[in-house]
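[1] Next one to model:
(chains A and B)
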2 protein chains.
Amino acid sequence: MRILILGGDGYLGWPTALRFSAAGHEVAVVDNFNRRRWHSEHGSASLTPIRPLEERIEVWHEVSGERVRFYQGGIENGDFLEEVVAETRPEAVVHYGQQASAPYSMLSRERAAETQSANIIGNLNLLFALRDHVPDAHLVKLGTMGEYGQPNIDIEEGYIEIEHKGRRDVLPYPKLPGSLYHCSKVADSTNIHFACRTWGLRATDLNQGVVYGIETEETNRDERLITRFDYDELFGTVLNRFCLQAVVGHPLTVYGAGRQTRSFLNIRDTLACVELAVANPAEAGEFRVFNQFTEQFSVLELAELVKAAAAHLGYEVTIDHVDNPRVEKEEHYYNAVNTSLLDLGLEPNYLGEELVESLLGIIERHKGNAIEGSIDPRTRWNPARSPAAQA
Amino acid sequence: MRILILGGDGYLGWPTALRFSAAGHEVAVVDNFNRRRWHSEHGSASLTPIRPLEERIEVWHEVSGERVRFYQGGIENGDFLEEVVAETRPEAVVHYGQQASAPYSMLSRERAAETQSANIIGNLNLLFALRDHVPDAHLVKLGTMGEYGQPNIDIEEGYIEIEHKGRRDVLPYPKLPGSLYHCSKVADSTNIHFACRTWGLRATDLNQGVVYGIETEETNRDERLITRFDYDELFGTVLNRFCLQAVVGHPLTVYGAGRQTRSFLNIRDTLACVELAVANPAEAGEFRVFNQFTEQFSVLELAELVKAAAAHLGYEVTIDHVDNPRVEKEEHYYNAVNTSLLDLGLEPNYLGEELVESLLGIIERHKGNAIEGSIDPRTRWNPARSPAAQA
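    Numbers count the residues shown, from 1 in each chain, chains lettered A, B, ... in the order given. Sure thing, here's the model as predicted:
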């Protein structure tokens, strides 16, 4: 199958490209290296020593004999994207090519506008390119569980049947996004749904939980294939950050009481889910939504798990409850449905001490790269409520 | 009160500015004249001979003694908007400053991206400017009933109480926007709601129906104060277009069977609603949504009404059912709630033959300006389904 991967230099995009390439698909990737640039601008970096994309594409060829094509550019440039789609004529497009950090989107007006403009217009350009060149291609878009927020009812997969004043309809599930980044993803969902209804495109929105882990089957074939690992306040996700903190002797930074519950999955399961979605495409005109996670945890539960696993390896770990930089509910109901991908055959890699210990082991090998100053949260959702503003 | 009106050169923005100025408020308007430019680009124009904005501001001063300040620029330029907000320090901002045509947003990828970028980023810039300079100001944002689409249940005002699996919550009403323009308005609603929850801003989203009419109390004070009147396929709205067609002897162009039901209101009621919203601000942190319309009609009902009123004045009118250029349901349930503004005291000007006859009279005076070639629909929601593509 011809598969185009947008954001192919990223934490998930790169291992996804290798997975499809290893399975014999014809893979092309697009990236503009914005994530690398944003890290330079903020004095942070991947913990793992990632190679330049061209180099790791060469290594992959050495290791597997397979070729991955690379197009450098940003998808917010509609002409560029249209050319890539016209040239590669993908049967499936896996779209990770976005600014994916909530804190980054809350830094300033400029960063918020950059996030929403790049994400929403990039995705809109993609919809037009598909319509005009490969209307039968299957769009697999990475969404996020954060689009739903924390409603007081169960979170369904994209739609909900509502009975109201004696009538019924199945409608898009209401959204309460938790950052301007998350707002951009909600806008993407609205646009993709519209394109499916109006142009007959087929799309699957993978509303993903928080991903953890580093290793995948393919990146493990050569150390030069390793994917990026972010732990800084802007691009790091919570479990990865806690593991790094445990190894470098930094207290685990739990935001507030830590009773915020979120959904999580292993990076290996991300790849499995994307494979399942591609192998089982949506119907023409269908906007299908899967909730892509395997387990729910509170932030404090994760911190306790990391602390226990780290203790077994001899690390001394403390947990700090820091002033929550976000505006979010710390006590809330949370229960999300995730049966669609399980029904397609997903076999989850659940989180346990063993996984955490293996993650700690990899981090230990690379801890010399850690930039401790980039860890603590500085980006506040509401600057007027920050301790500095109140002092 | 200090009131800032974005889009102050527009069909509704200009009469709104005069209304607040006449009531003794300190009014400043912002516009970038995009609507005038888009018309030039498409060979269309306002039927009414609108004066340049600076000139009509002068006329208003002559007539009323009041001064309206004008800032020329686009709100997608965040620095410009921030300066205007910092200088005018508004207590209320009425935001009409958007690309408001559904067909325009469906013309091409470039026009779709222009629409979404200008609308979403302009509105986002406004939220930051309010947060950073006048966090207590009341944002009155013009939304549209088209955000809801045509669900099979009653349309509530912005939120709906959902009972699901034994639990309950009041959540944003699900949206099924009917064009990429409408998608941009849904994204605005998401962003404004987020800003209210996160920064404590106060906002009212006026989900407006289709507006008809030309005259308002203030614009009637001097013919040089007349507002624009669009009837072309891109910027004309349905009742205004039917009235123009009746006068120039063009068949009324009903899209498809004409059973699409929509909500409508008189331009005088738009002004009354905006006044009521400004006089009764939302609470700090509240994102309030009002459905701003007074009546529901099917498109065919409107055509019949115009035909009958025109017949009384001696026009011979025929109704043409043209191939629907839009992708929309032609048979659907439609019932929307609109009690909030009535509860605040709105006294509707209902649509009747008398109003249509008066509208026909004004159009008759200006019919020499009509550009008949701009009337018929050319912009197709799905080009692949157009008669040309199928021929």
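
[2] Just want to check the distance between the closest residue to A:R19 other than its chain neighbours and A:F20.
    Using C-beta to C-beta, 6 or more residues apart in numbering or on different chains and skipping residues adjacent in sequence, the residue nearest A:R19 is A:L271, 4.9 Å away. Heads up, the C-betas are built off the backbone N, CA and C, glycines and all. For A:L271, the distance to A:F20 (C-beta to C-beta, to the nearest Å) stands at 9 Å.

[3] More neighbours: the two, which one.
    The residue with the greater number of neighbours, taking A:L271 and A:F20 and applying other C-beta atoms under 10 Å in any protein chain shown, is A:F20; the counts read 24 against 19.

[4] in the stretch 51-200 of chain A, which spans are helices?
    Listed from the start of the chain, the stretch 51-200 of chain A has helices (DSSP state H, counting those that start in this stretch) covering A:53-64, A:78-88, A:102-105, A:109-116, A:122-133, A:180-199.

[5] Now tabulate these in CSV and tack on mean neighbour count.
    Written out in CSV, the entries for the helices of the stretch 51-200 of chain A read as follows (neighbours: other C-beta atoms under 10 Å in any protein chain shown):
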stretch, mean neighbour count
helix A:53-64, 16
helix A:78-88, 18
helix A:102-105, 23
helix A:109-116, 21
helix A:122-133, 23
helix A:180-199, 25
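
[6] Turn those into JSON lines, including distance to A:R228 and mean pLDDT.
    Formatted as JSON lines, the helices of the stretch 51-200 of chain A follow (distance: least, C-beta to C-beta, whole Å; pLDDT from 0 to 100):
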{"stretch": "helix A:53-64", "distance to A:R228": "11", "mean pLDDT": "98"}
{"stretch": "helix A:78-88", "distance to A:R228": "23", "mean pLDDT": "98"}
{"stretch": "helix A:102-105", "distance to A:R228": "15", "mean pLDDT": "98"}
{"stretch": "helix A:109-116", "distance to A:R228": "19", "mean pLDDT": "98"}
{"stretch": "helix A:122-133", "distance to A:R228": "20", "mean pLDDT": "98"}
{"stretch": "helix A:180-199", "distance to A:R228": "18", "mean pLDDT": "98"}
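
[7] Any idea which of the ones you listed gets closest to A:R380?
    Distances from A:R380 to each of these were compared using C-beta to C-beta; the shortest belongs to helix A:102-105, at 9.0 Å.

[8] Identify all contacting residues around the closest one.
    When contacts are defined by C-beta atoms under 8 Å, 6 or more residues apart in numbering or on different chains, helix A:102-105 is touched by residues A:38, A:99, A:111-112, A:115-116, A:146, A:178-182, A:184, A:233-235, A:325-326, A:377, A:379.

[9] interface residues of the stretch 201-350 of chain A facing chain B?
    Taking C-beta under 8 Å from any C-beta of the partner chain as the measure of proximity, the stretch 201-350 of chain A contacts chain B at A:V327, A:Y333.

[10] where do the helices sit along the stretch 201-350 of chain A?
    Listed from the start of the chain, the stretch 201-350 of chain A has helices (DSSP H, counting those that start in this stretch) covering A:238-248, A:267-279, A:299-312, A:339-343.

[11] what helices or strands is the shortest one leaning on?
    Looking back up the chat, that one is helix A:339-343. Under the contact criterion of 3 or more C-beta pairs under 8 Å, 6 or more residues apart in numbering or on different chains; DSSP states H and E, the helices and strands touching helix A:339-343 comprise helix A:267-279, strand A:287-292.

[12] A:P151 is nearest to which of these?
    Here strand A:287-292 is closest among these (C-beta to C-beta), at 13.3 Å.

[13] I'd like the distance between A:V317 and A:E304.
    When C-beta to C-beta is applied, the distance between A:V317 and A:E304 equals 10 Å.

[14] Equivalent analysis for A:N119, please.
    Spatial separation of A:N119 from A:E304 under the definition C-beta to C-beta is 34 Å.

[15] Looking at the two, which is more packed in?
    Neighbour totals were compared for A:N119 and A:E304, and A:N119 leads with 24 against 18 (other C-beta under 10 Å).

[16] ok, the closest residue in space to A:L344 that isn't next to it in sequence - contacts?
    Distances taken as C-beta to C-beta, 6+ apart place A:L276 nearest to A:L344, at 4.5 Å, with adjacent residues excluded. Neighbour list for A:L276: A:L341, A:L344, A:G345, A:L346 [criterion: C-beta under 8 Å, 6+ apart].
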